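# I would like the atomic coordinates for the input below:
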Amino acid sequence: MGTLHFDSEDLGLTEEFLSRAYTRMKIGGAAEHTRVRVTRNSAGSTSVDRLTMEYDMSHDAQPIGKVCLCTVQDGTIVRQYDGGTESLFGPGDAFLYTPHDRPYKGVIQRTDYHLIMFDPTLLDQVAESLPGHRTSPVRLTGDRPVSRAAAKNLQRTIEHLRDDVLAVPEIRDAPLITSAASRLLAASVLNAFPSNALTDPTIEDRHDAHPATLRRAVAFIEDHVDSDISAADIAAAARVSLRALQLTFRRHLGTTPLAYLRRVRLAHAHQELLAATPISGATVTLVANRWGFLHPGRFAAAYRRAYGRTPRETLNQLPP
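Sure, this is the predicted structure:
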């Protein structure tokens, strides 16, 4: 238990420190202006680190052995694990930095961010109280929260752990409090990210995954496309369980409820860009934000995949 501080402009010292503090890794960066600052508050296996990279630091790392979350305050993080595609994260994002048992790599681009780590067995302990939980080890199956509401709840839990528990020595040294706070964090993670914590759909779930369920769910999405809705909200409107809803979309549309919601919102953004006039004052950023796309790069990439042109080309009425 306690705190840790690191501040250096030496690449060699930084690589040695990061390998000790996290996992064995190789880093790279410019020959100058390579300052890195790290502060850690921890209790048991749970820790919250604040890291500030004042340059673009590349890294190629071995499995970290812990559930590792990240929240970005400023800058951009490009991250890849297990040989998959690269993902881009920016200010306001909260995500799973890497599964505990997979190597990862990426580039941290002049970023101020927090890493939150804890023992993966905490997920198993929390999942034991869930009805129908699996006996196998719990694994997170996605790196982004399932909804904005779940992401906000996770952020609040992280802030409580960071500011009200681990940052206060008298509380940080009280095992019962830190244990409860760590379990709350694990519960928030299970609530926020998709996982294998629950059993497969039941017979009732499979029976409910019919076209009428899809029609009710799609109608609710269309009626609330500009509202902050979650998969749970859609399931409630369709009068089925969350697992039945997920099975319905997978069976009939080959996608997930939230992916379908993003697709509908993208279509609305497309129509608004098409309808914009020079005197309307519309910008790509304003339109993207109105339809829930807060990261310009991800919005532009999704838009180009769907429509074969950039949002700006559509706004300016340029040919693809």
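
# what residue ranges in this structure score low on pLDDT?
Residue ranges of the chain with pLDDT under 70: 1, 31, 83, 129-136, 198-202, 294, 318-320.

# can you give me the strands for it?
For the chain, the strands defined by DSSP state E cover 2-8, 25-28, 36-43, 46-53, 56-61, 67-81, 87-89, 94-98, 104-118.

# ok, residues contacting the fourth one?
It refers to strand 46-53. By Cβ atoms under 8 Å, 6 or more residues apart in numbering, the list of residues contacting strand 46-53 from outside reads 4, 21, 35-42, 75, 108-119, 158, 161-162, 166, 178, 181-182, 185. Backbone N, C-alpha and C define where each C-beta goes, glycine included.

# One more pass at 6 Å, please.
Identification of contacts with strand 46-53 by Cβ atoms under 6 Å, 6 or more residues apart in numbering yields 36-41, 108, 111-118, 162, 166, 182.

# Among the strands of the chain, which comes closest to residue 313?
strand 87-89 (20.9 Å; Cβ to Cβ).

# Note down every partner strand of the closest one and its orientation.
When sheet partners are counted by DSSP bridges, strand 87-89 sits next to strand 67-81 (antiparallel).

# Using PDB, list the CA coordinates for the partner strand.
Output of strand 67-81 as PDB, limited to C-alpha atoms (Å, rounded to 0.1, in the frame of the first residue of the first chain):
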ATOM      1  CA  VAL A  67      -7.400  -5.900 -15.500                       C
ATOM      2  CA  CYS A  68      -6.100  -2.500 -16.800                       C
ATOM      3  CA  LEU A  69      -8.500   0.300 -17.500                       C
ATOM      4  CA  CYS A  70      -7.700   3.700 -18.900                       C
ATOM      5  CA  THR A  71      -9.300   7.100 -18.800                       C
ATOM      6  CA  VAL A  72      -8.000   9.900 -21.000                       C
ATOM      7  CA  GLN A  73      -7.900  13.500 -19.900                       C
ATOM      8  CA  ASP A  74      -5.900  15.000 -22.800                       C
ATOM      9  CA  GLY A  75      -4.100  13.800 -25.900                       C
ATOM     10  CA  THR A  76      -4.600  10.600 -27.900                       C
ATOM     11  CA  ILE A  77      -3.800   6.900 -27.400                       C
ATOM     12  CA  VAL A  78      -3.400   4.500 -30.300                       C
ATOM     13  CA  ARG A  79      -3.600   0.900 -28.900                       C
ATOM     14  CA  GLN A  80      -3.500  -2.600 -30.400                       C
ATOM     15  CA  TYR A  81      -3.400  -6.000 -28.700                       C
END
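
# Identify the residues contacting it?
Here strand 67-81 makes contact (Cβ under 6 Å, 6+ apart) with 86-91, 93-95, 97-98, 100, 102, 104-118, 120.

# Of the residues you listed, grab the buried ones for ChimeraX.
Selection of buried members from the contacts of strand 67-81 for ChimeraX, criterion 16 or more other Cβ atoms under 10 Å:
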select :87,89,90,93,94,95,97,98,100,104,105,106,107,108,109,111,112,113,114,115,116,117,118,120
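
# In a markdown table: the strands of the chain, plus distance to residue 283.
Shown next, in a markdown table, are the strands of the chain (distance: least, Cβ to Cβ, whole Å):
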| stretch | distance to residue 283 |
| --- | --- |
| strand 2-8 | 40 |
| strand 25-28 | 36 |
| strand 36-43 | 35 |
| strand 46-53 | 30 |
| strand 56-61 | 28 |
| strand 67-81 | 21 |
| strand 87-89 | 21 |
| strand 94-98 | 26 |
| strand 104-118 | 24 |
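
# Compare these and give me the one nearest residue 288.
The closest of these to residue 288 is strand 87-89. By Cβ to Cβ, the value is 14.7 Å.
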